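Trainee: Sequence plus the predicted model coming up.
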Amino acid sequence: MYSQRRDQYGFSLVELLVVMVIFGIFSGAVYSLYITHLKTAYSRDEVIDVQQNVRIAMDRLSRDIRMAGLFVTPPVTKTMSNYSTISIRTTPIDMTRVTISQLLSEQSEKFVVTPAANLPVNMPVGTAAVVLRPTTKTQIGGVFSVISSTTAGHLAVSPLPTYPNVPVLGDMVLKVATTFPVTIRYRIDRTDTSLGCDLSPCLMRNSDVIAQGINNIRFTYYLSGVNTDPKTDASVLSDDDVKKISALRVTVTGMTTKKSGTDNSIKTRELVTFVKLRNYR
């Protein structure tokens, strides 16, 4: 009779069941670790996005605040309604500027300006221009129209400036293509669905989106020569106080758009910086 060798036996049902149970437990543990790692990775990516948005928002805010008050007084307007909105007044930074180095007539409608290179190109006939006095950061007269310009630096404007709005040596002539001064308003928008602000609040610079996921901005105002605590609400500042603003503490807070991570919570990040107004006198 044929007899089967021992090493030719297969696995019993019990052995298969035991192996399957062990493999299932091991697979469940590995899958659980994988899901936890995946959630952590997604949460980390969202937090990184928030941090980047906060840094972008702070960078744009800081740059504009430093330039506030360039040939403009006051540097900040009184249109601010609360501590989380700010309106900055400044001069267009992308415009051609020249300095009056010599007057060619008693009426001062003709100047010699420096630098003179490419003056007819940079300020051709018909260009709208304003005269600014750096010492007082004020505009002298209204908006003029350039009626002649030469490579020698001779520049003539119309209408004729009249006393007391007469240019003097050291004044600057600025070509303007937009309203002078420029007003930049920062605010948080939570409602514009076309921008995605219904899911993620946006930091707005006038009508432009600077960064999404910005939940709040806060400003603390420091007044020069005033022995009082910094002001956290711009609406309580008087017109005289606004003229004395010399520095601000800026706080930007960002958040994720949904709950995430192992603790299933909304993640927030906050950045604080102190900014001095470069043009404060």
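Mentor: Yep, that arrived. Residues are numbered from 1 along each chain as shown.
Trainee: what about the stretch 151-281 of the chain, any weak spots by pLDDT?
Mentor: The stretch 151-281 of the chain contains residues with pLDDT under 70 at 196, 226-227, 258-264, 281.
Trainee: What ranges does it have for its helices?
Mentor: 239-243 (DSSP state H, counting those that start in this stretch).
Trainee: ranges for the strands of it?
Mentor: Using DSSP state E, counting those that start in this stretch, the strands found in the stretch 151-281 of the chain span residues 154-158, 172-175, 182-189, 202-205, 208-212, 214-223, 245-255, 268-276.
Trainee: Show residues contacting the first one.
Mentor: Spelled out, it's strand 154-158. By C-beta atoms under 8 Å, 6 or more residues apart in numbering, the surrounding residues in contact with strand 154-158 are 98, 104, 109-113, 119, 123, 129, 144-149, 173. Any C-beta I mention is one placed from the backbone N, CA and C, and that applies to glycine too.
Trainee: Now which of the residues you listed would you call buried?
Mentor: 98, 109-113, 119, 123, 129, 144, 146, 149, 173 (16 or more other C-beta atoms under 10 Å).
Trainee: Make CSV from these and add distance to R63 and secondary structure to it.
Mentor: Shown next, in CSV, are these (distance: C-beta to C-beta, whole Å; DSSP: H, G, I helix; E, B strand; the rest coil):
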residue, distance to R63, secondary structure
V98, 24, strand
E109, 36, coil
K110, 37, strand
F111, 31, strand
V112, 34, strand
V113, 28, strand
L119, 29, helix
M123, 26, coil
A129, 25, strand
F144, 29, strand
V146, 30, strand
S149, 31, strand
V173, 25, strand
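Trainee: mind checking how far K243 is from L160?
Mentor: Distance of K243 to L160, given as C-beta to C-beta, to the nearest Å: 31 Å.
Trainee: T273 too?
Mentor: As judged by C-beta to C-beta, T273 and L160 stand 47 Å apart.
Trainee: Over to V50?
Mentor: Counting by C-beta to C-beta, the gap from V50 to L160 is 57 Å.
Trainee: Then G225?
Mentor: 39 Å.
Trainee: Out of the strands of the stretch 151-281 of the chain, which one sits most buried?
Mentor: Compared across those, strand 202-205 shows the largest average neighbour count, a mean of 22 (mean count of other C-beta atoms under 10 Å).
Trainee: in its sheet, what does that strand sit against?
Mentor: Sheet pairing here is set by DSSP bridges, and for strand 202-205 it gives strand 182-189 (antiparallel), strand 208-212 (antiparallel).
Trainee: Distance to T232 added to the strands of the stretch 151-281 of the chain, as TSV?
Mentor: Conversion of those to TSV gives the following (distance: least, C-beta to C-beta, whole Å):
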stretch	distance to T232
strand 154-158	44
strand 172-175	35
strand 182-189	16
strand 202-205	19
strand 208-212	22
strand 214-223	5
strand 245-255	9
strand 268-276	13
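Trainee: Show me what the residue lying closest to Y222 once chain neighbours are set aside bridges to in the sheet.
Mentor: Residue nearest to Y222 in three dimensions, not counting chain neighbours: A247, with 4.2 Å by C-beta to C-beta, 6 or more residues apart in numbering. Per DSSP bridges, the residues bridged to A247 are Y222, K276.
Trainee: Please shift the residue numbers so they start at 549 in all later answers.
Mentor: Happy to do that; since the first residue is 549 now, the last one works out to A795.
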